[in-house]
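Colleague: coords please:
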Amino acid sequence: MTKDNSRTERELVVDGESFRLTIDGPSYQLTWLSGPNRNYGFGGTLAGGGSVAERSAALAALLTEEDVISQIRGFLLEVDPVTGYLRD
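Modeller: The predicted model follows:
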């Protein structure tokens, strides 16, 4: 199996909170860098046909800066300030 070089990373600050966006093939992960729980965050995968490189490019095009910021804000609204985890 050939390794695909479709992994990209960048950091964002939203409402004073730092996140790392990692796109790796057809999947993305948002890791909350300034949060109280190491490596906590959320992500998703773009399903469908096509090669890993094609789905990675499609995912990068779909995840606009505005969309990512909106997802982060939604995540932060659901976090329990006492535990630092999503509310039950």
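
Colleague: Tell me which other helices or strands the helix or strand of the chain with the lowest mean pLDDT touches.
Modeller: Every helix and strand in the chain was compared by mean pLDDT, DSSP states H and E; the lowest is helix 52-62, with a mean of 82. Helix 52-62 sits against strand 17-24, with contacts defined as 3 or more Cβ pairs under 8 Å, 6 or more residues apart in numbering; DSSP states H and E. From N, CA and C alone the C-beta is placed, and that goes for glycine too.

Colleague: what about this protein, any weak spots by pLDDT?
Modeller: Where the chain drops to pLDDT under 70, the residues are 1-6.

Colleague: Please, where are all the helices along it?
Modeller: Here the chain has its helices, by DSSP state H, at 52-62, 65-78.

Colleague: report the angle between the axes of the shortest one and strand 17-24?
Modeller: Angle between the axes of helix 52-62 and strand 17-24 is 150 degrees (criterion: axes from the mean of the first three to the mean of the last three Cα atoms, to 10 degrees).

Colleague: any idea how far G44 lies from L30?
Modeller: 9 Å (Cβ to Cβ, to the nearest Å).

Colleague: what about the two, which has more around it?
Modeller: Using other Cβ atoms under 10 Å as the criterion, G44 and L30 rank with L30 on top: 21 against 13.

Colleague: isn't the more buried one right up against Y40?
Modeller: No. Taking contacts as Cβ atoms under 8 Å, L30 lies outside contact range of Y40: 9.9 Å.

Colleague: For the residue nearest to R20 when sequence neighbours are not counted, give me its contacts.
Modeller: The shortest distance from R20 to any residue other than its chain neighbours is 4.6 Å, reached at T31 (Cβ to Cβ, 6 or more residues apart in numbering). Neighbour list for T31: 19-20, 22, 39-41 [criterion: Cβ atoms under 8 Å, 6 or more residues apart in numbering].
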